[in-house]
Structure formats: structure tokens, C-alpha cells
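> The sequence isn't on hand, but the structure is:
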């Protein structure tokens, strides 16, 4: 058990949280959520006693031990590293900061199973919604300068919070509509002798009406919408016998597939270099050693590269940066409106590209793609660096995108809600199936095919 007692922390005028009193109990897994900058990692550090709060303290049971697993510990992507760190000394309190980063689906499944069986206290920060749904018994939400704990997993919290917010907004609308009715009556009849008593009565009713102040949330959802200029024709993309060797390693070996209308394809595989290389080739940024690819004449494609620092060299401000990709007739007013929808409002639109965070750069790259109005989207790990709100906005946008999406992602929920086809790249060829991601992962036939291909490649 670990308790936060009257915790408060502020950086200058920015209050991260105040009056936080929470008891994290054994047998529970708490998902710590909040917008970027809300203080999730900071609160974990306070719990780990790595930084001091302005007020309050952290208490644990006598002789209880805290273990902290940071996201950079998982770069080796092996079960052994996870097992050694998670089980060492059987800690009483386990603090996990983005534990699924850089893990493949099998490693994530192992971690989910371990945490499900773990009998002590777990507090986890993660942007992986599926992982949070699988392991969390409670959600600790940092918002409005406070931390509120809800029973249930992430989906339950999201539905309950949206319901609560919508109810508040509906109640306020009813009060506003009633107030407007009363004002209209008062203005119309206050000088009418026969109606003056009724007007006075309505004035008193109006004075009693109070609209509840909606607290300002730290959560913001960017407006992401990909609108293709034209629909795709019958021929989308044909890839034939593509091979590529990099630094002596065969990365792609005789890869062939055809993309069809309305395909939303997740590219899977343990070798991330293979997926990135394939995307670079079909996006025209790299030449294959062998083979060919052909886009249909009706197709215009936009590419989101996993490594995109090259787009941000120099010191342009965001208005200048965005206008490079906007129609020639557009100017500063257009750029400010567009950037505002992507959460760069006011002075933020004048930030220079060299000071942007990882999440801000991703939002800029998505803006560039939206402006292109392409009908085929190629996205290599687009959810990296994004907070849950931005991931949700991107996820919903791609679900509603009417044309073709080719992508790779480690976010289970993102993949499963989007795909209708999976292509897995293996050293011995590809596995290509028309099915959902969950069905693909659980398919015994796919597992057997993969096993035979691994043996063939050995």
C-alpha cells in the first residue's frame, strides 16, 4: 500500500495538483492518466520519493519496498529484462512509466498476464488504451488540478466521464434556454400594466437561475480530418518482388502484394526496419534493389515517416512552416486557424520548429498530411509521442477516412479498431489475411503458418 497525503506541486504559476489525498491499495492496478504536461511522470516521481512536493508526503507500509520501471529500461525488448526487473524481490509497490514502449505484441501480452496475477499495488502510466483496459482495476485521472480515482478500466472511465460532461452541458443548456425565455417575456411585458406582476415574478425566477461553472480541463482534442480530393480508382498499389539489403542484412526479400479499394492494412512483424524500409520504398524515398511498385493513376499518397526530424531543421515559426504545405493563395489567417485546431493557438503559432516537443512535431506532420488531401495514407508509427486525446482524435479520423490507409503501430486498440487486413513481414515472406487484428493475433492457422515460415528461414 502507498498513500499520497495532502500532496501539492506547482511550477511557478502552473499548478499541477493540490490537496491530493489517495490511498493506493494492494491487489489493485491504477492507471494514471492526464493530458501531456498534466504531471503524470512527475507524480510517479513523487510517489517514488525522487522529487519533493511543495506540501504533503508519501507513506508506505512498514518494510514495504517500491520498485520503479521506467520506459527506457525496455529498449532491449526481451522477456528476460521484464521478468528480472518486475520480479526482483517481489516489490510491494510497482511504478511503471510507459512499460509497453518498444515492446512487440507478445511481450505486451506477457506483461498484461503478469500484472493481472500480481498481488501487490501497481501504478502505471501508459498511452496504450488496450493495455490499460486489460490491466487496470482503477483509473487515477489528473485534471482540473486534482487527481480523482474511478473504479473500472480506461473505457469505463472514458464513457462515464463523457456521460458526466454531456449531462452537465445539457443541464446548463436547459437553464440558458429557460433564462432566455424569461428575459424575452420581461422585455416584452415589463412596461405593460396588466402583465407587470408576471414580469416581476419572472425577474425573481431569473435571479434564482444559476449556470454551473464548467471547470477548465487540461484535456484538448486536436481537430484531425483527412479529406481526400478525389476517390481512389480501381488500381491502388501493386508491389512486385521488392527486395532490399541494408548494411549487409536482407531486410526485404521478394515482397509482393496488391492493395485494393477500401483497404486499411496494418503491416506487422518483429523487424521494424523491414516495415519502415517498405514504406520508404513505396513513398518514393528509397529505391529497391530488386522488384518494382506501381501506384494507380488516380492515387495521390501522403507519408508519415517514423523519423521526421528532417522536416523541422531551421528556425521557421509554425505559421511559416505550415504555409510551405498550404495552397499558394493562403496566408497567415488561414495558418493560424488551422494551427489553432491542432492545439497551437495564440502565441504557440509563433513557436519555432527547433523547440517543439515530440508530440507537437507529430501534430505538425499530421497537419501537413491533411493539407495534401491525398486518397492513400502511409503512416509509420504515428501514435508515438502522442497523448491519449490526440491518439483518440487520430484513431477516429482514420476510422472515418473513406479511402486507403497503410500503417504500422504498436497501439493495439488503434490497430484493432482500424484494420480490415493484416500483412505480416517475416524473413521467409509475407502472411496476408483479410481479418481484424484481434482475429489475426488469435488465429491458430496464422500461428502455424508463421512457425513454418520461421523454420523455412532458419
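It's in. Computed from a prediction, not measured in an experiment: that's the story for all the values here.
> low-confidence ranges in the stretch 1-150 of the chain?
Under the criterion pLDDT under 70, the flagged ranges of the stretch 1-150 of the chain are 71-88.
> which stretches of it form strands?
With strands called from DSSP state E, counting those that start in this stretch, the stretch 1-150 of the chain shows them at 2-11, 14-24, 29-33, 55-60, 66-69, 93-97, 121-125, 138-143, 146-151.
> Taking strand 93-97 as reference, get the angle to the longest one.
Meaning strand 14-24. Relative orientation of strand 14-24 and strand 93-97, computed by axes from the mean of the first three to the mean of the last three CA atoms, to 10 degrees: 140 degrees.
> Pairing partners for strand 14-24, with directions?
Strand 14-24 has its sheet partners listed here by DSSP bridges as strand 2-11 (antiparallel).
> Quick one: work out the angle between the strand it pairs with and strand 121-125.
Computed by the same axes, to 10 degrees, the angle between strand 2-11 and strand 121-125 is 30 degrees.
> Buried residues of strand 2-11, list them for me.
2, 3, 4, 7, 9 (16 or more other CB atoms under 10 Å). In short, each C-beta sits where N, CA and C put it, glycine included.
> which other residues reach it?
When contacts are defined by CB atoms under 8 Å, 6 or more residues apart in numbering, strand 2-11 is touched by residues 15-24, 39, 42-43, 46-47, 53-60, 64, 66, 93, 121, 123, 147.
> would you turn the buried residues of strand 2-11 into a markdown table with distance to residue 206?
Output for these, formatted as a markdown table (distance: CB to CB, whole Å):
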| residue | distance to residue 206 |
| --- | --- |
| 2 | 50 |
| 3 | 47 |
| 4 | 44 |
| 7 | 42 |
| 9 | 42 |
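> Quick one, which of the contacts of strand 2-11 are buried?
Among the contacts of strand 2-11, the ones that count as buried (16+ other CB under 10 Å) are 16-18, 20, 22, 24, 39, 42-43, 46-47, 53, 56, 58, 60, 66, 93, 121, 123, 147.
> roughly how far is the longest helix anywhere in the chain from the heart of the chain?
Ordering each helix of the chain by length in residues (DSSP state H) puts helix 154-189 first. Taking CA atoms, centre = their mean, to the nearest Å, one finds the center of helix 154-189 at 30 Å from the center of the full chain.
> hmm, back to that, how about TSV for the strands of the stretch 1-150 of the chain, with distance to residue 104 added?
Shown next, in TSV, are the strands of the stretch 1-150 of the chain (distance: least, CB to CB, whole Å):
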stretch	distance to residue 104
strand 2-11	31
strand 14-24	29
strand 29-33	21
strand 55-60	34
strand 66-69	17
strand 93-97	17
strand 121-125	19
strand 138-143	26
strand 146-151	30
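> For residue 434, find the nearest of these.
For these, distance to residue 434 was read as CB to CB. The smallest value, 33.3 Å, belongs to strand 29-33.
> Within its sheet, name the partner strands of the closest one and how each one runs.
Assessed with DSSP bridges, strand 29-33 is paired to strand 121-125 (parallel), strand 138-143 (parallel).
> so residue 431 bridges to which residues?
residue 424.
> how close does residue 287 sit to residue 255?
For residue 287, the distance to residue 255 equals 14 Å [CB to CB, to the nearest Å].
> Could you check which of those two is surrounded by more residues?
residue 255 (23 against 8; other CB atoms under 10 Å).
> Distance-wise, check that one relative to residue 278.
7 Å.
> Please report the distance of residue 397 from residue 223.
9 Å.
> More neighbours: these two, which one.
Taking neighbours as other CB under 10 Å, residue 397 and residue 223 compare with residue 397 leading, 17 against 12.
> you'd agree that one is up against residue 226?
Yes. Between residue 397 and residue 226 a contact is recorded at 6.0 Å, counting by CB atoms under 8 Å.
> rewinding a little: out of the strands paired with strand 29-33, flag the one nearest residue 293.
strand 121-125 (40.0 Å).
> and whichever strand or helix holds residue 267, what's its mean pLDDT?
Using DSSP states H and E, residue 267 sits in strand 264-268. Averaged over strand 264-268, pLDDT sits at 97.
> Helices of the stretch 251-400 of the chain, residue ranges please.
272-282, 318-323, 332-341, 358-372, 388-400 (DSSP state H, counting those that start in this stretch).
> May I have the residues that are in contact with the residue nearest the centre of the chain?
Centrality entry for the chain: nearest residue to the mean C-alpha point is residue 391, 2.5 Å, by CA atoms, centre = their mean. Residues in contact with residue 391 (CB under 8 Å, 6+ apart) are 127, 129, 383, 411, 414.
> Name the stretch among the strands paired with strand 29-33 that sits most buried.
Of all those, strand 121-125 has the most neighbours on average by mean count of other CB atoms under 10 Å, namely a mean of 24.
> For it, give me every contacting residue.
Outside strand 121-125, the residues touching it (CB under 8 Å, 6+ apart) are 1-2, 24-33, 40-41, 44, 47, 92-99, 115, 132, 135-136, 140.
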